[in-house]
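Novice: Build me a structure from this.
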Amino acid sequence: MVRPLNIAFVHPDLGIGGAERLVVDAAISLQKRGHRVIIYTMHHDLSHCFAETRDGTLDVRVGGNWLVPRSIGGRFHILCTILRSLMLARQVVNDPEQYDALFVDQLSAPIPLLKYTHAHIFFYCHFPDYLLARRDSLGQKLYRAPFDLLEEFTTGEADEIVVNSRFTQETFRRAFPHLSTIPKVLSPALNFEAYDRPVDSGDPLLRALRTKKRIVLSINRFERKKDIGLALRAFALCLQGNSATGNGVKRAAINNCCLVVAGGWDPRVAENTQYLKELGAQANQLGLRTRTVAPQKANKEALALLPDGAVGAPTILDDDDDDSPTDQLASIDVLFLPSFTENQRAFLLSAARCVVYTPTNEHLGIVPLEAMYMRVPVVAADSGGPRETIQQGKTGYLCEPAEDDFAAAIAKLLSMDDDKWRAMGDAGHDRVKLAFSLDSFGAKLEHLIVGMLQRPTHASVVLGVVITLFIIFAVTLTLLLTWWR
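Specialist: Now for the predicted structure:
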């Protein structure tokens, strides 16, 4: 029997996304196993977060965000994020709470300072940030160099390192050649209870989604690396009846459909606002009729950042006759739904004919697991984590990241016999239920943490000096680059 532990999670931004869902589920799983759990974060918007973080299920504490901005003139995001994380780490260290273990994820920079809590550090690496950053110019390469070294050094200071897939494990090994540690693999899980809840059909926010069309669903953050444009191009080919879809496709099934692009959209993140507008322009160039629905409770500043013509929820068109509701998407090919609610997500997953997951070399991807559990076949790029979750031809299709291949797979699912389609959905549900349950995840996570606690904590000899020198160097470099530009 494991004694109850005090465990703190340290996570940068507790919004809505795959990484945040993992943190929330990991915290809940440990809490259910009798451990005391607290989450520290630099940002927690109650209108843009998972319900468990605002309804009292989890104890969330915010810090590290009062002095350092998110960026300096729209630049130096990583520097500001690291400085903010160090301030958050200082808050954790100064907290009178005594922790047995700290679960740190995404950002390794605060790990050396967190050592002052005398707790063991468990680092969950979603994907090395070193491989996500752009280095298109000499200035960017010089700017990123100290951060890349810092990431490798601080990651190595953790007492236990875990990654989310075998793909990330191999990527980690190549990205950090100076680390002898081979991280263990702990795949994310789903909290089935959250997906088993019935859809609140009386929710007025569902009116914008009401349609008789077959729904092709894309769920992802509005980030360029997610390549949502691939979904637009593939869907356009389906509507055009392109020869790539095959001769056996039923034309009526392809025509009577709509693409819903839903995902995380944060008005504070310039890329989110820019990319949503870019996708709208791309859809228009492809001849697709579009509509963007504003997020619930969006303020005037956020509304101003949406594409022109964005409409508000819940009511889009006149809908007074409940017995014969208006088909909101009758004249729409693509619906953009930024910052959707959990009930909207549940409705879309219950109504979708297929889910299109477009990122290439995604480290894992929680969306395919969500879709399969909800009995929706998935079309995804044949690379990265989806290779480990999707069974080709049984729970979905893995394709080359090209619109022709994606269009063929989407058309196949749209025109598939209902019995075969349901069998594919059932296979996906059974696979996720067997291999990605929260109970199993919680037991494995607890086992890893308890095993870590049996070993001496990995103490850093020069952590104070290194962190101080890094801060001085990074700030000096930032000032020089600002002056040079």
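Novice: Next, count neighbours for residue 331.
Specialist: 9 (other C-beta atoms under 10 Å). The way it works is simple: take the backbone N, C-alpha and C, and place the C-beta from them, glycine included.
Novice: again with residue 173
Specialist: Counted with other C-beta under 10 Å, residues neighbouring residue 173 total 14.
Novice: Name the residues that touch the helix or strand that it is a member of?
Specialist: In this structure, residue 173 is located in helix 166-175 according to DSSP states H and E. With contacts defined as C-beta atoms under 8 Å, 6 or more residues apart in numbering, helix 166-175 is touched by 125-128, 130-131, 152, 161, 163, 182-183, 185, 361, 363-364, 384-385, 387-388.
Novice: Pull out the buried members of those.
Specialist: Those of the contacts of helix 166-175 that meet the buried threshold are 125-128, 130, 152, 161, 163, 183, 363-364, 384-385, 387-388, by 16 or more other C-beta atoms under 10 Å.
Novice: Next, please give the residue ranges for the strands of the stretch 251-400 of the chain.
Specialist: 257-263, 290-292, 334-338, 352-357, 378-381, 396-399 (DSSP state E, counting those that start in this stretch).
Novice: swap that for the stretch 101-250 of the chain, sorry
Specialist: 101-105, 120-125, 160-163, 184-185, 214-219.
Novice: Let's have these in a markdown table, adding distance to residue 25 and mean pLDDT.
Specialist: Output for those, formatted as a markdown table (distance: least, C-beta to C-beta, whole Å; pLDDT from 0 to 100):
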| stretch | distance to residue 25 | mean pLDDT |
| --- | --- | --- |
| strand 101-105 | 12 | 96 |
| strand 120-125 | 12 | 95 |
| strand 160-163 | 14 | 96 |
| strand 184-185 | 17 | 95 |
| strand 214-219 | 17 | 96 |
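Novice: Compare the ones you listed and report which one is nearest to residue 42.
Specialist: Closest to residue 42 of the strands of the stretch 101-250 of the chain is strand 101-105 (C-beta to C-beta; 12.8 Å).
Novice: from the buried ones among the contacts of helix 166-175, which single one is nearest residue 68?
Specialist: Nearest member of the buried ones among the contacts of helix 166-175 to residue 68, counting by C-beta to C-beta, is residue 130, at 21.9 Å.
Novice: so how many other residues sit close to residue 337?
Specialist: Other residues near residue 337 come to 26 when the count uses other C-beta under 10 Å.
Novice: just checking, it touches residue 260?
Specialist: Yes - if you go by C-beta atoms under 8 Å, residue 337 and residue 260 touch, sitting 6.1 Å apart.
Novice: so what sits against both of the two?
Specialist: Looking at what touches both residue 337 and residue 260 (by C-beta under 8 Å, 6+ apart), the common residues are residue 209.
Novice: returning to that earlier point: and the buried ones among the contacts of helix 166-175, which two are the farthest apart?
Specialist: Using C-beta to C-beta, the two most remote members of the buried ones among the contacts of helix 166-175 are 152 and 387, lying 26.3 Å apart.
Novice: re earlier: and the strands of the stretch 251-400 of the chain as a markdown table, adding mean pLDDT?
Specialist: Listed next are the strands of the stretch 251-400 of the chain as a markdown table, based on pLDDT from 0 to 100:
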| stretch | mean pLDDT |
| --- | --- |
| strand 257-263 | 95 |
| strand 290-292 | 94 |
| strand 334-338 | 95 |
| strand 352-357 | 97 |
| strand 378-381 | 97 |
| strand 396-399 | 97 |
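Novice: This completes my enquiry, with thanks.
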